[in-house]
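In: below: sequence and its predicted model.
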Amino acid sequence: MSLVRLNIKGISYSQTQNGAYALILTEVDGERKLPIVIGAFEAQSIAIALEKEIKPPRPLTHDLFKSFADRFQIIVKQVIIHKLVDGVFYSSIICERDKIEEIIDARTSDAIALALRFNAPIFTYKNILDKAGIYLNLPAKEDDPEDMLNEDIVFEEQDPTTNHSHLTLQELNEALSEAVANEDYEAAVKIRDEISKRE
């Protein structure tokens with residue numbers, strides 16, 4: 001079976017499952033998207049890995065795993081989404097230490113959060129993409145590929161009180177610092193996007 005490389009297109013709030021998010025992966029040499037429903041914690045962890053400017057005051061679980069792996073010279077080489085059963089995606093993390101390769105079973109959301117921290121590629125099999133891949137009309141951007149990952153994160157507004165357009169730039173910067181200190185990274189991403197619009 002042939003592998004297809006995937007990139008992260010964005011994250012959006014799931015309209016069908018309360019408290020869940022949809023992680024959108026896109027095939028590198030094609031137009032199909034692979035949406036995967038993930039939890040809020042994993043969505044925040046992935047968003048933080050994509051957002052280079054946001055540094056949590058304490059390491060998150062995936063950051064801890066990265067530090068642990070670095071300390072013991074374990075490298076994550078790649079992540080493969082290898083199975084789809086009843087709407088649930090199954091993934092493997094391919095690791096290497098002392099030139100010995102190991103395959104570790106993982107939830108897809110955790111595997112992707114780790115792949116980002118290790119700069120490891122994400123793959124799936126063609127038959128999974130044929131089965132679950134869809135065509136979405138998402139706005140295309142012709143930016144630098146590294147910037148594209150940072151800018152394509154979309155958290156849809158669910159609550160009018162989260163609209164920050166009425167705040168001044170100074171108030172936004174203070175709100176950003178407070179959100180990071182409180183480890184509310186979803187709010188931090190929204191505030192950061194509002195600041196970027198103004199600058």
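Out: Nice, thanks for sending it over.

In: the bottom helix or strand of this protein by mean pLDDT?
Out: The weakest-scoring helix or strand in the chain, judged by mean pLDDT, DSSP states H and E, is helix 145-151 (a mean of 40).

In: ok now the helix or strand that comes right after that helix, how far from the chain's centre?
Out: Per DSSP states H and E, the first helix or strand lying C-terminal to helix 145-151 is helix 169-181. In this view, helix 169-181 has its centroid 23 Å away from the chain centroid, taken as C-alpha atoms, centre = their mean, to the nearest Å.

In: which of the residues in helix 169-181 are buried?
Out: Of the residues in helix 169-181, L172, A175, L176, A179, V180 count as buried by neighbour count, 16 or more other C-beta atoms under 10 Å. Yep, even glycine has a C-beta here, placed from its N, CA and C like the rest.

In: tell me the contacts of the first one?
Out: Pointing back at L172 there. H164, I191, E194, I195, R198 (C-beta atoms under 8 Å, 6 or more residues apart in numbering).

In: so the strand or helix carrying the third one versus helix 169-181, what angle?
Out: The one in question is E194. Using DSSP H and E, E194 sits within helix 185-198. Put simply, helix 185-198 runs at 160 degrees to helix 169-181, going by axes from the mean of the first three to the mean of the last three C-alpha atoms, to 10 degrees.

In: got a list of contacts for helix 185-198?
Out: By C-beta under 8 Å, 6+ apart, the residues outside helix 185-198 that reach it are 40, 43-44, 47-48, 51, 53-54, 56, 153, 155, 157, 162, 164-165, 167, 169, 172-173, 175-176, 179-180.

In: stretch 106-122 now?
Out: Residues contacting stretch 106-122 (C-beta under 8 Å, 6+ apart): 5-8, 23, 25, 36, 38-39, 42-43, 45-46, 49-50, 62-63, 65-66, 69, 75-79, 81, 89-93.
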